[in-house]
Structure formats: structure tokens, C-alpha cells
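# okay, structure incoming, though there's no sequence with it:
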């Protein structure tokens, strides 16, 4: 017998181990599939994986044979309590109305009536109408007390029925939660995978945005450097061009050929300075030509002035 029990225990443990391994393999397969799915498809699948607890509770309540009876008993007890509460309120209101009627009857009796009531209080005289009102008040008060007792009994029955229904509801809900525990675990794992992927996408998007901003800053800096370089080159070019008129004014002679071109002769300068001036004029031919042409015109005008001054002196 002990050997048989040990064998059964070993078989049960082996079966439990195989079931756990199967669940683990299924979970790994689900994780692999969920991590490779598009986010919208994963969200749709998660929505389908969420267990319907309300439907399961309704099914569990329908499957419990005593649940319907307990629910009907609770409803009946509630209806009885409501009815008893209304009847007790009605009886109490009747007692209050009769007491107000009696008070009004006593107030409207006048001086003679107050004397009669004084004699009645002394036991000398009896007022039939007052006695009838007191009898009705006593009967109504007894009925009100009885209905208050009925109300207390109905509420006690209702409380007991609600307690029984609550106990039954708790038992059914516990069974449903135990039965749906694997489904909820799978649903929560899927939701965690979705959240991880969303966070990963957000991180990648943030990194891409940071890289884009850094690249934009780099392009802006490079553009600024290129602009500064161009401005420096332009300033250097302007500075060199501004030296051309001075170089042209220092030329030894400027003559114009029949073809309309100009021949220039440089003054006697050191070879380095002469080479620098020649390079500068060759580098900016248009500006040099304009300066030479302007200087040639200026020299012609100056020569004409000198000639006219000589003629004037001769005259």
C-alpha cells in the first residue's frame, strides 16, 4: 500500500511538472509572438484576451441551484420590509392625526368646556366625545406598536436574506476568480508586453528626436561657419580690390593700343612687391581693367590740362 501511494504521488508530481513545463513553453511562445506583432494587432488581441468576469459571474449564478431561490427570498423580504415600513408609517400618522384632532377639540370648547374638562380631570364629570377620541387614540397606538414590531421582524428577515445572498455571491465570485486566474495572468502578461513595447517606441522616438535636434544644431553651426568663411573671404576680396586703384595710380605709364587694350609699365619696385601687384591685378581682371581705364582717362584729362596751361602761359 505504501509503495502504491508513493507511486501515485510520484505520478502526480510528474504530471504537475509536465503541466507546468507546458504552461511555461506556451508562455514563451506567446511572449515571442506578442513581441513581434504590430502594436495595433497586439492591442486588439489584448482586448479579446480580457476575461469577462460579469458573464462568468452570471453563468456561475445560473449554475447554482439555490441562488435563484435565495435571490427571490431576498427580494420578497425586501418587499415585505418596504410594505411593513409603509404600514408602520401610516399607523404612526394615524395616531398623530387623532392626537391633533383631540387637541383641537379641547381648544375649541371655550370657557365652559375648560370647566367641564376640569371636572372630568377631577373625576366628577365624563365627556363622551373626549372619551371616544381617547379610545380611538389607544386603539391606533396599539396598531402602530404592532406594526412597528412587524417592521422590525421584516427588517430582520431582510437582513438575514441579504446575508445569505452575500455569502452565496462571495462563494460564486471566489470560484469564478479561481477559474479565471490563468486567463487573467495571460492577460496581464500581454498587457505588460504592450506597455514595454510602447515605452520602447517612446524611447526610440525620443532618441530619434534628440538625434534630429543634434543634427540640426550641427547643420546650423556648419552653416554659420561657412557664412563666416564666406564673409571673411569677401572682406579679404574687398580689401584686395580696394588696393587696385592705388596700384594703378602708381603705374609708370599707361598706353592704349589700336585694338582698344591697355599696356602698362610698372615702376621700379622690389621683385616681391612687383610680383604681388601683378598677381593682384591678374586675380581681378575686371576691376583692374576698370581702374586702368579710369586712370588712363584721368591722365589724359590731366595732360590736356597741362597742355592748355602751357598754351595759356605762351599767350
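Everything's here; your move. What you see is a predicted model, and the numbers here were worked out from it, not measured in a lab. Numbering: from 1, shown residues only.
# and after the lengthiest helix in the chain, which helix or strand comes next?
Secondary structure assigned by DSSP state H gives helix 128-249 as the longest helix of the chain. Later in the chain than helix 128-249, the nearest helix or strand by DSSP states H and E is strand 253-256.
# I'd like the average pLDDT over that following strand.
Taken as a whole, strand 253-256 has an average pLDDT of 78.
# now swap in stretch 218-226 and tell me
On average, stretch 218-226 scores 93.
# give me the distance from that stretch to the chain's centre.
Remark: stretch 218-226 is offset 38 Å from the chain centroid, using C-alpha atoms, centre = their mean, to the nearest Å.
# buried ones in that stretch, by neighbour count?
Across stretch 218-226, burial judged by 16 or more other C-beta atoms under 10 Å covers no residue at all. To be clear about C-beta, it is placed using only N, CA and C from the backbone, and glycine gets the same treatment.
# kindly report the same for stretch 127-137.
127, 130, 133, 137.
# so what's residue 293 up against?
residue 262 (C-beta atoms under 8 Å, 6 or more residues apart in numbering).
# helix, strand or coil for it?
helix (DSSP: H, G, I helix; E, B strand; the rest coil).
# distance of it relative to residue 237?
21 Å (C-beta to C-beta, to the nearest Å).
# which elements pack onto the helix or strand bottoming out on mean pLDDT in the chain?
Every helix and strand of the chain was ranked by mean pLDDT, DSSP states H and E. The lowest is helix 110-121, at a mean of 72. The contact analysis (3 or more C-beta pairs under 8 Å, 6 or more residues apart in numbering; DSSP states H and E) places helix 110-121 against no helix or strand.
# relative to helix 128-249, how tilted is that helix?
Going by axes from the mean of the first three to the mean of the last three C-alpha atoms, to 10 degrees, helix 110-121 is angled at 110 degrees with respect to helix 128-249.
# buried ones in helix 110-121?
residue 116.
# cool, stretch 181-200 as well?
Neighbour counts using 16+ other C-beta under 10 Å place 186, 187, 189, 190, 193, 194, 197 of stretch 181-200 among the buried residues.
# who's in contact with the fourth one?
Contact partners of residue 190, counting by C-beta under 8 Å, 6+ apart, are 30, 34, 42, 45, 46, 49.
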